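**Q** give the three-dimensional model of this entry:
(2 chains)
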Amino acid sequence: MTPQIAIQGVTKSFGSFQALKGVTFDIAKGEFFSMLGASGCGKTTLLRILAGIEQPTTGRVSIDAKDMTGVPPERRPTNMVFQSYAIFPHMNVEENIGYGLKNLKLSRAEAAAAIAGALEMVKLEGMAKRNAHALSGGQRQRVALARALVMRPKVLLLDEPLSALDKKLREDMQLELRAMQRSLGITFVFVTHDQEEAMTLSDRIAIVSGGRILQIDTPKRLYDAPVNREVAEFIGTMNLIPARVSGPGMVEGALGTLSAAFADVAPRETGAAVHLALRPERLRLGDEGLGGTVREAVYLGDRITYLVDVPGLAAPLRVADSNRSGEMRRIGAPVRVSWPDDAGLVLGD
Amino acid sequence: MRPLTIYAALFMAFIYGPVLLLVVFSLNDNTFATFPLKGFTLRHYVEMWSQAPMLAALGNSLRIGLGVTLLTTAIAIPAALALTRFRFPGKPAILGAMMLPLVIPSIVLAVSLLVIILKFLNIPLSLWTVAAGHVLICLPFCTSVLMSRMEGFDPSLEEASRDLGSPPWQTFRRVTLPLAMPGVISSLLLGFIISFDEFVIAFFLTGTDNTLPVYLYSQLRFPNRLPATLALGSLILVGSTLLVVIAEILRRRGVQSNNPGDL
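**A** Residues are numbered from 1 along each chain as shown, chains lettered A, B, ... in the order given. Purely as a prediction, here's the structure:
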C-alpha cells in the first residue's frame, strides 16, 4: 500500500485547549479510512487540517509526498463534504455543483457534462434547476457529495455527512457511499461518532480520544483485539471484569484465577490492575460454569440479550444468546454462564 | 373596546398625529398652519419648486446622503467582515471605538470636530466637512447592521467555497457578498437616512452651503415660507416611508433565503 496521506506529529491548540496532542499515521491510496470518536475528541479538527481549513500548530501533513504546510484549501487535492452540507443558499443545485468547476477553467460543454455526470452519480437527475431551499436533508447531502466529487479530488473528506439523516436513509447512503468509493477508487477519509457506521464503511478505523489516536486497525481487529478498555468500550459492547495480574498469562479476581490472553500493551507485572474482557456473544448459558440469576432479558428476535447477576461481580454480565433454541429464560431464573478459553482478553485502562 | 386596544390607538395617535398634521396643513389653503382648515389646495406643492435655495439645500442633502452612505458602507463591509470572522488582539477595543459615536452626544461630537477641522487640520468648512462628520456617525450603524447579517450565516459556506478552489477574494465576491446583500442594502438605506436627517453636525460643520435640515431651521423665522416647507416635509415623509418599506421587504426576503442554510 502506498501511503497517500502522511500525518506526522500533528498537534493543534486553540488558545489553552489542546485539540490534538501529537498524531502520526498514514492513510493509504484508495482506502476508506474512518476516524471514530466522541464529540470533541479532535477528529473533526484533524479532518479540517487535512482540508487546509486549519493549520497544525506543530507537525505536518503531506499528500502524495508533497508537504501541505501553508498550502491553502483552494490549492489542495482534497474536497470536503461538510457536516452542515454548506449548500450555497443563493444558488440552485446545478450552480452549487458547478461552483468549483468555474475555478478549473473548463469549457462550457465540459462543465455541463461534468455536472450531468455528478447529478447522475448521486441520483438527482432532473433536479438541476431546483432551488437550494427546496431540498430535503437527504437531497442536500447528495448535492454536497456531488459538488465535492465533481472536482475529482484525490482525497474526499467527509465530516459526519450522514448524522443528520434518519436511520433508513442513513443505511441506504452508507451502502451507496461504499459502492461509490470502490468504483471511483478515491481515498475517503470519513469522520463519525457512530461505531456501527464506521464498521460498515471502513477498511480501517482510527479510534480518537482526547486528541490522541488510541488504535488504528481493521474493523475486525478492533473488535477482536482492542488495545485497551477505552477502545473495547467504544467498539461494540464488552463485559469488563476487574482483576489483577497473578502471574505470567494469569489473572485473579471475583471469578477466581484463570489464564487468558493479554493485549500487547496490557500491564504484565504481578499485582497490576487490569480488566478481563469478554464479548457478550462469546458467553453461553448452559448447565456448567459460573452460577447466577437472570436480572433482565431483552428479546430482539435474532438474539436475546440477558443481564446475569453473578455473586461477587459489581456489574451484571451481558450475555448475547443467539436464540437458536427459541427458548427464553425468565427473569429471576438461575443460570450458569460459561465461555471458551480463548474468549477472555486481558486489557489495561 | 379592550383597554389595551385603546392604549394602542392612543399610542399611534400620539406618534403619528403630529406627522399627519404636517401633511394636512401642507394641503390647506392658508399661509398659516392653524385650524379651522380653509380648503384643499396643491398650491404649496407647486410653489415649493420655485424656491431655489430650498431646492439647492435638498440637492445638497441628497448628494451628501448618497456619498456618505456609499463611503460608509464601503468602509463598514470589511470592518464587519473582520469583526465577525477573525479573532485578533485588540478586537473588543476596536469594536468599542467604532461604536463610540453612538453614545457621544452629537453636540459634543460636532463641537470637537469643529475644533479639529478649524484649529488642527485647517480645512475650510464646506459640504465636504459635513459629509466627513456624517461618515463618522453613520459608521457604527452601518457596521452593526452588516455584522448582524454576517454573523447570521454558516461559516462553513465560506470554508466550502475555499475548499472548492476559490481564493479568499473570490470567496468574498461569490459567496460572502451575495449572502450579505440584504445587510448591504439595509446599511445603504440606513446611512442615507441618518445623513439626510442629521442637523447638529451639519449645522456646525457646514460652510456657506446648507443641507436641508439646516435650511429648514433657518426658514422658521419667515412664516410665509412655512407652507412650502410643509409640502416638502410631506414629500420627504412619503419618500422615506417608501425606503423603509423597501428595506424591510429586502430584509425579510433575506431572512427567508437564509433559513434553509441553517438546517
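
**Q** A:Leu135: how many residues sit nearby?
**A** 22 (other Cβ atoms under 10 Å in any protein chain shown). For glycine as for every other residue, the C-beta is placed from the backbone atoms N, C-alpha and C.

**Q** now A:Ala179
**A** Applying other Cβ under 10 Å, we find 10 residues neighbouring A:Ala179.

**Q** so it is in which element?
**A** Using DSSP states H and E, A:Ala179 falls within helix A:167-184.

**Q** in PDB, list the C-alpha atoms belonging to that helix.
**A** The C-alpha coordinates for helix A:167-184 follow below in PDB (Å, rounded to 0.1, in the frame of the first residue of the first chain):
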ATOM      1  CA  LYS A 167     -32.000   5.800  10.100                       C
ATOM      2  CA  LYS A 168     -33.300   4.200   6.900                       C
ATOM      3  CA  LEU A 169     -31.800   6.900   4.700                       C
ATOM      4  CA  ARG A 170     -28.600   6.700   6.600                       C
ATOM      5  CA  GLU A 171     -28.300   3.000   6.000                       C
ATOM      6  CA  ASP A 172     -29.000   3.400   2.300                       C
ATOM      7  CA  MET A 173     -26.500   6.200   1.900                       C
ATOM      8  CA  GLN A 174     -23.800   4.100   3.700                       C
ATOM      9  CA  LEU A 175     -24.100   1.400   1.100                       C
ATOM     10  CA  GLU A 176     -24.100   3.900  -1.700                       C
ATOM     11  CA  LEU A 177     -21.000   5.700  -0.300                       C
ATOM     12  CA  ARG A 178     -19.200   2.400   0.000                       C
ATOM     13  CA  ALA A 179     -20.100   1.500  -3.600                       C
ATOM     14  CA  MET A 180     -19.100   4.900  -4.900                       C
ATOM     15  CA  GLN A 181     -15.800   4.800  -3.100                       C
ATOM     16  CA  ARG A 182     -15.000   1.400  -4.600                       C
ATOM     17  CA  SER A 183     -15.900   2.400  -8.200                       C
ATOM     18  CA  LEU A 184     -14.100   5.700  -8.100                       C
END
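
**Q** is it positioned near chain B?
**A** No - Helix A:167-184 stays clear of chain B (Cβ under 8 Å from any Cβ of the partner chain), getting no nearer than 14.7 Å.

**Q** and the helix or strand bottoming out on mean pLDDT in chain A, what's buried?
**A** When each helix and strand of chain A is scored by mean pLDDT, DSSP states H and E, strand A:256-259 comes last, with a mean of 84. Across strand A:256-259, burial judged by 16 or more other Cβ atoms under 10 Å in any protein chain shown covers A:Leu258.

**Q** which residues sit against it?
**A** By Cβ atoms under 8 Å, 6 or more residues apart in numbering or on different chains, the surrounding residues in contact with strand A:256-259 are A:Ser246, A:Gly249, A:Met250, A:Val251, A:Glu252, A:Leu276, A:Asp341, A:Gly344.

**Q** only whichever of those residues are buried, select them in PyMOL.
**A** Those of the contacts of strand A:256-259 that count as buried under 16+ other Cβ under 10 Å are selected in PyMOL with:
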select buried, chain A and resi 246+250+251+276+344
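
**Q** let's have the contacts of strand A:256-259 in TSV, adding pLDDT.
**A** Formatted as TSV, the contacts of strand A:256-259 follow (pLDDT from 0 to 100):
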residue	pLDDT
A:Ser246	89
A:Gly249	85
A:Met250	87
A:Val251	90
A:Glu252	89
A:Leu276	92
A:Asp341	83
A:Gly344	88
